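here is my input, please return the structure:
(2 chains)
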Amino acid sequence: MAFCTGCSLLCDDIVVDLDGGKIGKTMNLCRKGHAHYSSIGSGRLTPCVDGSEVGVEDAMMAAAEVLAGADNPLLFGWGASTLEAQRAGVDLAKKLGGAIDDPSSYSQGLITEKIIAGDLPTCTLDDVRNFADVSIYWGDDPSSSHPRHMSRFSYFPRGEKRQRGYEEDREAIVIDVRKSPTAQIAADGFFKITPGGDGAFIEALVASLAGKIPKVEDKKRMLNLGTKLRKAKFGAIFTGQGLAHSLRGDLSGFVSLVGKLNEITRFSVIPTLGDYNTRGFNQTLFDETGHVNSVSFKDGVRHGREFSIARLLDSCDAVMVMGSDPAAALPAAIAKKLERAAMVAVGSHRNMTTDFAKVSVPMAVAGIEAGGSCLRTDGVRVEFDGLVRSDHLSDVDIIKRIMEAV
Amino acid sequence: MISVMEVYQLLPKTNCKRCGLPTCMAFAVALISREKTIEDCTPLLEEAKYEKKLAGLRELLAPILSADATETGMVIHPEKCYGCGNCVVACPVNVASDPKGTAIGRGPVSGKAILMVEDGVVKCVNVDECRRFGPEKVLCNACIATCPSKAIEFI
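Numbers count the residues shown, from 1 in each chain, chains lettered A, B, ... in the order given. Sure, this is the predicted structure:
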């Protein structure tokens, strides 16, 4: 059995035919996972300094030079790195007196922080499979982003207390701005909201839970939803970027809604995170500093929006991007600022960011070419081994080597 | 889904019984369920006046007769499939025959599963176990209803 690090579900039932050390036929991988496995043979990053190809060792030395010469370095990415590399990355940021951040600073960081800090109740995906009778997908479309989410854990499978699966024992509720593929599966459980309307929906839901008339167009449907949630035995709320962006950093309404639900029955929150080990980075940094992202180690430990990549790109003089592609993910106006600073990109494949980095260092794909450990989107620790032999260095080896040279 | 009336309109409608069935309507039903082939209707093939109808019928039935369709009429559109495995886990035959695998959301382990995901795309095997197989078929639609991308259809 092999592991898939294509998304944060970390499927562990993958069967891969190894044809002379190469990936052959695969079983149980979704389309995204299959693409992840197939990608190891193409589009790989080559070690480069200022556009010319060099040896890996030289590239790592050049990377160390860029970082050591900077006053305000930023280490960004880390979602697609093992726990070991993340741990070493935090140490590197400390040594450099720089800032460290990950894409959760512009997606679900706040929700993950509340979960890790214990302000929002959570559970594992296996608990969801065994016990949950109501699954709410809020601003979340796992059918597109995490294809096996519904079939492995949250809606279709049979579980200990849910022997009849989706047919009778489970209910899917989707709250989204568009009829996503997940919403099509939920059919009658789909609640369409206007963009930015999550706050109003939370208010209406709180009112209907309290038995008051909610201020929405379809009052009857909202009251029915309130009744359904009151009657749930074990509910799970899967949050997506849609919810995080719509609430604009103010989670008080959402936290209070989850609190009210938990006064009546049991409801847990699990974020649907993008990269395979985003949760791992958030947990690692939280254990070290008490914050999940946007931390600066210059003059002690400081945290705040001003240390997120979106703000820091104005002032930092060097950026190390670790297994991420901020040039593609950030809005163009902010992404353009990446040109300002000297950039080091460590990654397994070429992407927009690596294409205009000063130094690029190739790494092995964790889970296929290198082993390690990571945290699933629900916080469960998973350990895995490499599957095929590779000449590429693992992410942790690269960070340690750069740290030695700094 | 091809309707019986669509097929019937393209037959001679003479109830000549040369195919061995009492009416053209019965022959239309037999064509869809693949118990008879177009060649069993001799007037359609031999008489020139039916030339247009014959061409139309061949075009209409092409999906049923193509190699892509399984004996149950299931057609998988690989370009639309996400490989999510919803159909694999929802399929009642898979659940009954593979309690430690597909029934609990994992990949099939028993070797008796009829749907599985290979190279990121769903694939139908052991088709004779499908509820839609054979004359006693049940019109089960678990795999179609659970597909987020409409990648599976029955013709």
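
check contacts around the closest residue to chain B within the stretch 201-350 of chain A.
The nearest approach of the stretch 201-350 of chain A to chain B comes at residue A:272, 13.9 Å away (CB to the nearest CB). To be clear about C-beta, it is placed using only N, CA and C from the backbone, and glycine gets the same treatment. Each residue near residue A:272 by CB atoms under 8 Å, 6 or more residues apart in numbering or on different chains is listed here: A:8, A:137, A:140, A:142, A:145, A:146, A:149, A:238, A:239, A:240, A:377.

need the contact list for the third one.
With contacts taken as CB under 8 Å, 6+ apart, residue A:140 has the following neighbours: A:174, A:176, A:182, A:238, A:239, A:240, A:241, A:242, A:243, A:272.

distance of the nearest residue to residue A:384 once chain neighbours are set aside from chain B?
Take residue A:384 and drop its neighbours on the chain: the residue closest to it by CB to CB, 6 or more residues apart in numbering or on different chains is residue A:3, 4.1 Å away. Here residue A:3 is placed at a distance of 13 Å from chain B (CB to the nearest CB, to the nearest Å).

cool, residue A:351 as well?
Going from residue A:351 to chain B by CB to the nearest CB gives 21 Å.

phi, psi of that residue?
phi -150, psi -170 (degrees, to the nearest 10).

assign residue 75 to helix, strand or coil.
Went with chain A since none was named. strand (DSSP: H, G, I helix; E, B strand; the rest coil).

actually it's chain B I care about, not the one you picked
Quick answer, by three-state DSSP: residue B:75 is strand.

could I get the pLDDT score of it?
pLDDT recorded at residue B:75 is 85.

bridging residues for it?
Residue B:75 has the following beta-bridge partners by DSSP bridges: residue B:153.

that one: neighbour count?
A count of nearby residues for residue B:75, using other CB atoms under 10 Å in any protein chain shown, gives 17.

surely it and residue B:151 touch.
No - counting by CB atoms under 8 Å, residue B:75 stays clear of residue B:151, with 9.4 Å between them.

who's in contact with residue 29?
By default, I'm working from chain A. A:4, A:6, A:11, A:14, A:36, A:37, B:83, B:117, B:119, B:120.

hmm, no, I was thinking of chain B.
residue B:4.

and it, how far is that from chain A?
From residue B:29 to chain A the distance is 31 Å (CB to the nearest CB).

A strand includes that residue, no?
No - secondary structure of residue B:29 (three-state DSSP): helix, not part of a strand.

tell me the helix or strand right after the helix or strand of chain A with the lowest mean pLDDT.
In chain A, the helix or strand scored least confidently by mean pLDDT, DSSP states H and E is helix A:165-168, which has a mean of 86. Scanning forward in sequence from helix A:165-168 by DSSP states H and E, the next helix or strand is strand A:171-176.

ok, the helix or strand just after that following strand near chain B or not?
Going down the chain from strand A:171-176, the next helix or strand is helix A:181-186, by DSSP H and E. Yes - if you take CB under 8 Å from any CB of the partner chain as the test, helix A:181-186 does meet chain B, through A:181, A:182, A:184, A:185.

and chain B, which of its residues are near chain A?
B:81-86, B:88-90, B:95, B:103-108, B:116-121, B:146, B:148-149.

mind checking which of these land in strands?
Under the assignment DSSP state E, the residues of chain B next to chain A contribute B:116, B:117, B:118, B:121 to strands.
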